[in-house]
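Visitor: need a 3D model of the sequence below.
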Amino acid sequence: TTASTTTTTAPPAPPAAPTAVFTAAARNICTDIKERFARTAKDFAMQARSTAPSNYTLPDGRVIQLHDEALRCGELLFQPALVGHRGPGLADLVWENIRVCLGEGANSPMRALPQFVLLCGGVSMMPGLDERLQAELAARPGCPRELYVSAFAEEDRWHAAWIGGSIIASLPAFVEHNFVSKAEYAEVGVAAVHKRC
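Guide: Numbers count the residues shown, from 1 in each chain. Purely as a prediction, here's the structure:
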């Protein structure tokens, strides 16, 4: 007689989540496309249907056409689910913070904060972002009647962090109390940095 053997195998592992591997050059191209073309639509569904294509020339000379991708880039800030992200969008996050401030006591200075929303950083340079956020917040029940959403619109805002850092670093008090000399670092090591942070 022959003995039958039964082997059990583990169920197959679920497929790995797709990942995109970009080279530094590819990331630079994506950044350039975002900075040149990305914008935020007031009405994404309507504007996505009527967007005229734009041409972008790749470093190798090939030309690609961008259709609604420029709008989708901005829309991800408001609807991260478009790419499978389950987190809240920008308007939801800002609204939650406004609600926290409004929940403070009647005499709290925090109650005045929700009237002013300042957008800053590289993404704030995306055309239409401030208007879209203003519209989304104004549509929320309980939103303050006078709500101002503004992007920090200085021409050199792309370099604002570097400019601010250079101003701080040039102050004598900062230099006197925060710099680590080469001799001190050689003597104490990284502890010299930690005692100033």
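Visitor: C-alpha only now, for contacts and for neighbours.
Guide: Fine.
Visitor: which element follows the lowest-mean-pLDDT helix or strand in the chain toward the C-terminus?
Guide: For the chain, using mean pLDDT, DSSP states H and E, the weakest element among its helices and strands is strand 148-151, scoring a mean of 72. Moving toward the C-terminus from strand 148-151, the next helix or strand (DSSP states H and E) is helix 160-169.
Visitor: wait, what's in contact with Gln115?
Guide: Residues in contact with Gln115 (CA atoms under 8 Å, 6 or more residues apart in numbering) are Pro144, Glu146, Leu147, Tyr148.
Visitor: where are the low-confidence patches of this structure?
Guide: 1-21, 104-108, 110-114, 151-158, 197 (pLDDT under 70).
Visitor: so where do the strands sit in it?
Guide: Ranges of strands within the chain are 54-57, 63-66, 116-119, 148-151, based on DSSP state E.
Visitor: out of the ones you listed, which gets nearest to Gly128?
Guide: For Gly128, the closest of the strands of the chain is strand 148-151, at 9.9 Å, according to CA to CA.
Visitor: helices and strands around that closest one, which ones?
Guide: In terms of contact count using 3 or more CA pairs under 8 Å, 6 or more residues apart in numbering; DSSP states H and E, strand 148-151 is assigned the packing partners strand 116-119, helix 129-138.
Visitor: what are the pairing partners of that strand, and which direction each?
Guide: strand 116-119 (parallel) (DSSP bridges).
Visitor: what residues sit buried inside the partner strand?
Guide: Val117, Leu119 (16 or more other CA atoms under 10 Å).
Visitor: alpha carbons of that strand, as CSV, please.
Guide: In CSV, the C-alpha atoms belonging to strand 116-119 read as follows (Å, rounded to 0.1, in the frame of the first residue of the first chain):
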residue,chain,number,x,y,z
PHE,A,116,-6.7,84.3,9.8
VAL,A,117,-5.3,81.3,7.9
LEU,A,118,-1.8,81.9,6.5
LEU,A,119,-0.5,79.5,3.9
